[in-house]
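**Student:** I need the structure of the sequence given here:
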Amino acid sequence: MKSTIYTCWQLLLLVLAFTANAQKMHTTKWESGMLDRRTKVGVWEYYGVTPSQEKVVVQRYDHSVKELLYYRPVSNSIYSIEVSPGQWTRRAVDRPPLFIGGDAALAAYTTQLQYPEQAQERRIQGQVTVGFVVDTLGHTAAHRVLRGIGGGCDQEALRVAKTVPNEWIPAQLGAKAVPVEYELTLTFRLAQP
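**Tutor:** This is a model prediction of the structure:
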């Protein structure tokens, strides 16, 4: 009987120790919050840098309830918004579409660019702008090249834009989520010899 009680206490202590170690604080230059077995939980803060090089909070997002708690407003940006099915117009929105984690998290996907061989051989450099719709659920669709430079760069930019996960907070007009076309610009620059 004593050994059974002792074993139960050992098991309970083991479970408590495992549970206590399951959650841990994770902090980088761009984000800070709790991880539970590599999954973001609770409120996370995401950081950016102002033009004056000041580090600021750009988003505060609760991953447990999937809710945006704060975002740092940006200047009024004009977006193509869908005002009714199939009818689009350009106008300012009350809240722009936001990638969870901010521009720093979005930039992590743009580093996947692979410079096309044809563009390197022809010394093609520049920016490719890809547009895609961020719908009212934060999902993306209808990816297309809006401004290209050729040499395979347009296709590569489109490929990378499609790898960005559906972790968007939809744009809002008033309190209503609206579909918008988001423009993502990717830069192709050759290394200097």
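**Student:** if I look at the closest residue to Q114 other than its chain neighbours, how far off is L98?
**Tutor:** Sequence neighbours aside, E156 is the residue nearest to Q114 in space, at 6.1 Å (criterion: C-beta to C-beta, 6 or more residues apart in numbering). C-betas here are computed from N, CA, C, even on glycine. Applying C-beta to C-beta, to the nearest Å, the value for E156 to L98 is 25 Å.
**Student:** more neighbours: these two, which one.
**Tutor:** L98 (25 against 19; other C-beta atoms under 10 Å).
**Student:** show the contacting residues for that one.
**Tutor:** 59, 68, 71, 168-169 (C-beta atoms under 8 Å, 6 or more residues apart in numbering).
**Student:** can I get those in a markdown table with neighbour count, pLDDT and distance to P51?
**Tutor:** Listed next are the contacts of L98 as a markdown table, based on neighbours: other C-beta atoms under 10 Å; pLDDT from 0 to 100; distance: C-beta to C-beta, whole Å:
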| residue | neighbour count | pLDDT | distance to P51 |
| --- | --- | --- | --- |
| Q59 | 24 | 95 | 18 |
| L68 | 13 | 94 | 24 |
| Y71 | 17 | 93 | 18 |
| W168 | 21 | 97 | 25 |
| I169 | 20 | 96 | 24 |
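**Student:** quick one: which of these is nearest to S84?
**Tutor:** The closest of the contacts of L98 to S84 turns out to be W168 (C-beta to C-beta; 21.4 Å).
**Student:** who's the closest one bridged to?
**Tutor:** Here W168 sits in beta bridges with F99, going by DSSP bridges.
**Student:** shouldn't it be in contact with T136?
**Tutor:** No. Here W168 does not reach T136: they are 10.3 Å apart, not a contact under C-beta atoms under 8 Å.
**Student:** domain ranges for the protein?
**Tutor:** Split into domains by automatic domain parsing, the chain comes to 21-72, 77-193.
**Student:** the last one: how far from the chain's middle?
**Tutor:** Spelled out, it's domain 77-193. With C-alpha atoms, centre = their mean, to the nearest Å as the basis, domain 77-193 stands 11 Å off its chain's centre.
**Student:** thanks a lot, catch you later.
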